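In: sharing a sequence plus its predicted fold:
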Amino acid sequence: MRSISLTSMDDGSPATLSSKLTSCSRDVPLKKPSDLPDVFTAYRKSAEPLREAPRKPVSTPPSLPALPSFLPSQPAPFAIPDSFEGMKSALLKPLNNQPLLADPPAFPPGVKSAHPFRGGSQEGLHRIQHLLKQGVMTRYKDTRNGLLGTDFSTKLSAWLALGCITARQVHARLVDYEEGYDDQYQGTEGYGKGENAGTAAVRFELLWRDYMRLCTRKFGPRLFKVQGFRNDTSYSWKTPDQDSKVAAMFQRFLRGTTGTGLIDASQRELYLTGYTSNRARQNVASYLAKHLGIDWRLGAEWYEANLADYDVSNNWGNWQYVAGVGNDPRGEARVFNPVKQAFDYDPQGEYCKAWVEELRALHEPQEIFQVWKVLQSRRTALGLQGNEMVERPLVKIDFRVGARGSGRRGGGGGGGGGRYGGSSRGSSKPEGRSGREHNDDGSRGRGSGSEGMGSGSSSRRGHRGRGMGKNDATRSTWVRGSSREVVIGRPRQCLPVVDDKGHKALKDENSEEIKESHN
């Protein structure tokens, strides 16, 4: 909580800006930033009961302050365009002159953005009203993991990130809805019946946003360090400037041509619309950091460049979380299986086919989620012959439908598991070189209060890389049978566990969230 005062000078001399750190136990049970717990659960418990904690929103001022009486001149070539189109053209000029991608994906036909964002406080308040009238808030816990459509989640994150609305305003309108104070919502599911699972889940996400900002206050520049909040130097991340192969791999990741359907769909949606869902963000971050072993900060910076709802604390803090160097108490022991996740949340492949047009002729989910599984004899007819996603996927993940415990969670394409409990497990069991089976656990939910999203990866145990140095052991190859087919390569931090049959396994948890909050 930073109190900033501006002292104006009547004589026209420059104003001075003073700042001091203040503490308010009314809002946050902390005396200083260093008192913030490193684990979210501890912070959450200190803030509960959450519904009773927030203050009322500040009243709208009756008028705005007067405009400055003097504006200093700006040297050429600075100029203020005199029209909206002129302003837009000036702002976009750097991107048009030097695009983010040399070969960007085209917007696929028949698809609309899940987040057609329009800025401004009135638009943000109208969005809250819509969410309450349509029952989206009440159903939020069950639908928040969706991938297609505008109302599977709140989509409030951009307005919150830009300051168009505040968390207090969201909370106040939830209270009016829960207590039955606002007649416009009469007849809506949950109206006047108190807090429900959906509205509680929305508050939970708002609290996570607060926590991420407080983490930034506590850790400062470590938000942007490859070692993360933990100052963990045991990882050895790959970077494009070290190796041309890594550079090519990273470019394919950005373009959405990895060969893993869920990852490619999300990356294209992000680039083309400035948005991708919370569930997809989890998998993309895990894929880059855990499956490819590439410096997680490159992914965080890519999101920063593209997201309409970019928030420095949420974005960078959550990328740390999934990379295993943030404040996930399980850190490196968690990895997402994007194929299992696709079966859970996009079982017919509708999301993948919507954003990856090359997949639209396919009907088998196994092929949609990993297009390299299309038989060679069918590729020409499907227009896939020579496609790098098919011929040279970055990672091959062996996943079998119907394996013990596999199956969708939450119903309806979203919900279940995650931070709010529930569980299911799927497995991928390539035969390892030792003859033992190795699992990729598809997902396991956790009880409310367990920390967010992280994941794990691999290499030879005992290797201790340092910072961003070269790592000659970032990939381990698991082979299957006599075909010697590479199933998956993992960066170093995947931890072996033992399953209920005594087989060694690779832990693959994917119940947690990149908490961009209200994505």
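Out: Ah, there it is.
In: what is the burial count for Glu48?
Out: Residues lying near Glu48 (other C-beta atoms under 10 Å) number 12. Quick note: C-beta positions are derived from backbone N, CA and C, even for glycine.
In: quick one: contacts for it?
Out: With contacts taken as C-beta atoms under 8 Å, 6 or more residues apart in numbering, Glu48 has no neighbouring residues.
In: tell me the spacing between it and Gly261.
Out: Computed as C-beta to C-beta, to the nearest Å, the Glu48 to Gly261 distance reads 40 Å.
In: same thing with Gly317?
Out: 28 Å.
In: per the record, what domains does this structure have?
Out: Structural domains annotated on the chain: 2-38, 244-506, as defined by automatic domain parsing.
In: which one of these has the lowest average pLDDT?
Out: Lowest mean pLDDT within the domains of the chain: domain 2-38, a mean of 60.
In: after whichever strand or helix holds Pro94, which helix or strand is next?
Out: Pro94 is part of helix 84-97, with elements assigned from DSSP states H and E. The C-terminal neighbour of helix 84-97 among helices and strands, as given by DSSP H and E, is helix 121-133.
In: from Asn306, how far out is the residue nearest the centre of the chain?
Out: With distances taken as C-alpha atoms, centre = their mean, the chain has Arg281 as the residue nearest its mean C-alpha position (3.3 Å). According to C-beta to C-beta, Arg281 stands 11 Å off from Asn306.
In: can you check Arg268 too?
Out: 11 Å.
In: so Ser266 makes contact with Ser286?
Out: No: applying C-beta atoms under 8 Å, one finds Ser266 not in contact with Ser286, separated by 11.5 Å.
In: which of these two has more neighbours?
Out: Taking neighbours as other C-beta under 10 Å, Ser266 and Ser286 compare with Ser286 leading, 33 against 27.
In: give me the number of residues near the residue lying closest to the more buried one once chain neighbours are set aside?
Out: Setting aside the residues directly before and after it, Ser286 is nearest to Phe336 in space (C-beta to C-beta, 6 or more residues apart in numbering), at 3.7 Å. Using other C-beta under 10 Å as the criterion, Phe336 is surrounded by 32 other residues.
In: could you verify my assumption that Phe336 touches Arg281?
Out: No: taking contacts as C-beta under 8 Å, Phe336 lies outside contact range of Arg281: 10.6 Å.
In: so who does the closest residue to Ala106 other than its chain neighbours touch?
Out: Distance criterion C-beta to C-beta, 6+ apart; nearest residue to Ala106, sequence neighbours excluded, is Glu357 at 7.9 Å. For Glu357, the contacting residues are 106, 108-109, by C-beta under 8 Å, 6+ apart.
In: so which residues of the chain form strands?
Out: If DSSP state E is used as the criterion, the strands of the chain fall at 2-7, 16-21, 477-480, 485-489, 496-498, 504-506.
In: re the thing from before, what is the rounded mean pLDDT of the helix holding Pro94?
Out: pLDDT averaged over helix 84-97 equals 90, rounded to a whole number.
In: tell me how far it lies from the chain's centre.
Out: Going by C-alpha atoms, centre = their mean, to the nearest Å, the spacing between the C-alpha centre of helix 84-97 and its chain's C-alpha centre is 28 Å.
In: again with stretch 333-342
Out: For stretch 333-342, the distance from its own C-alpha centre to the chain's C-alpha centre is 14 Å (C-alpha atoms, centre = their mean).
In: re earlier: who wins on neighbours among the contacts of Glu357?
Out: Top of the contacts of Glu357 by neighbour number is Pro108, holding 17 neighbours under the definition other C-beta under 10 Å.
In: measure that residue to Leu384 for me?
Out: Per C-beta to C-beta, Pro108 is found 16 Å from Leu384.
In: can you count the residues close to Arg51?
Out: Around Arg51 sit 15 other residues, with neighbours defined as other C-beta under 10 Å.
In: an error on my part: the question was meant for Leu375.
Out: Using other C-beta under 10 Å, Leu375 has 8 neighbouring residues.
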